[in-house]
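S.K.: One predicted model, sequence on top.
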Amino acid sequence: MGEHSAVVAEGMKRVCSAFTTIVHPLGFKRGNGRVWVRQHGETEERIYISRSGNSYGAPRTPSIDLQLGLASRRGIDDPVHLDHHTTGKLRRPTGYCYHHRFNAQTGSTYDRCLEELALFTSEVAEPWFAEQR
């Protein structure tokens, strides 16, 4: 295990727990892993969080860069996805990118990351889910 693996794992647990608090009032419940699910009538809506580069082995730094994905599924129809490759290119109405990263060791920009996760949810996820319905 890399020298930063434990601190990054703990940082991911912390941010996922905080994200649960952010989306719970919107009707989302935490599913298995890093997935939050909401039923809206016949539609199941999902938000996924992953760590950028997590499939490439142990983290080289304690910095965590989050990727978000959205999925909407009605009945047995094929799901519609707005995946992390697309969401990573989205910009805030101000023109700036969403700040979805923080240092798990020092806590630097953690609060800003949470604020930006909440903004992403209200500015991107909720309108996208409404459009899919």
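M.R.: Cool, got the structure. Residues are numbered from 1 along each chain as shown.
S.K.: Can you give me the buried ones in stretch 60-77?
M.R.: Residues of stretch 60-77 classed as buried by neighbour count (16 or more other C-beta atoms under 10 Å): 62-74. From N, CA and C alone the C-beta is placed, and that goes for glycine too.
S.K.: Mind checking the pLDDT average for that stretch?
M.R.: For stretch 60-77, the mean per-residue pLDDT is 83.
S.K.: tell me how far it is from the chain's mean position?
M.R.: Distance, stretch centre to chain centre, for stretch 60-77: 5 Å (C-alpha atoms, centre = their mean, to the nearest Å).
S.K.: CA atoms only for that stretch - export them in PDB, please.
M.R.: Taking C-alpha atoms only, stretch 60-77 is exported to PDB below (Å, rounded to 0.1, in the frame of the first residue of the first chain):
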ATOM      1  CA  ARG A  60       1.000   9.400  -5.200                       C
ATOM      2  CA  THR A  61      -0.100  12.400  -3.200                       C
ATOM      3  CA  PRO A  62      -2.700  13.100  -0.500                       C
ATOM      4  CA  SER A  63      -4.600  15.300  -2.900                       C
ATOM      5  CA  ILE A  64      -8.100  14.000  -3.900                       C
ATOM      6  CA  ASP A  65      -9.600  15.100  -7.200                       C
ATOM      7  CA  LEU A  66     -13.300  14.000  -7.400                       C
ATOM      8  CA  GLN A  67     -15.200  13.000 -10.500                       C
ATOM      9  CA  LEU A  68     -19.000  13.000 -10.600                       C
ATOM     10  CA  GLY A  69     -21.300  11.100 -12.800                       C
ATOM     11  CA  LEU A  70     -25.100  11.200 -13.100                       C
ATOM     12  CA  ALA A  71     -27.500   8.600 -14.300                       C
ATOM     13  CA  SER A  72     -31.300   8.500 -14.800                       C
ATOM     14  CA  ARG A  73     -33.300   5.400 -15.500                       C
ATOM     15  CA  ARG A  74     -37.000   5.000 -16.200                       C
ATOM     16  CA  GLY A  75     -38.400   1.500 -15.700                       C
ATOM     17  CA  ILE A  76     -36.500  -1.000 -17.700                       C
ATOM     18  CA  ASP A  77     -35.400   1.500 -20.400                       C
END
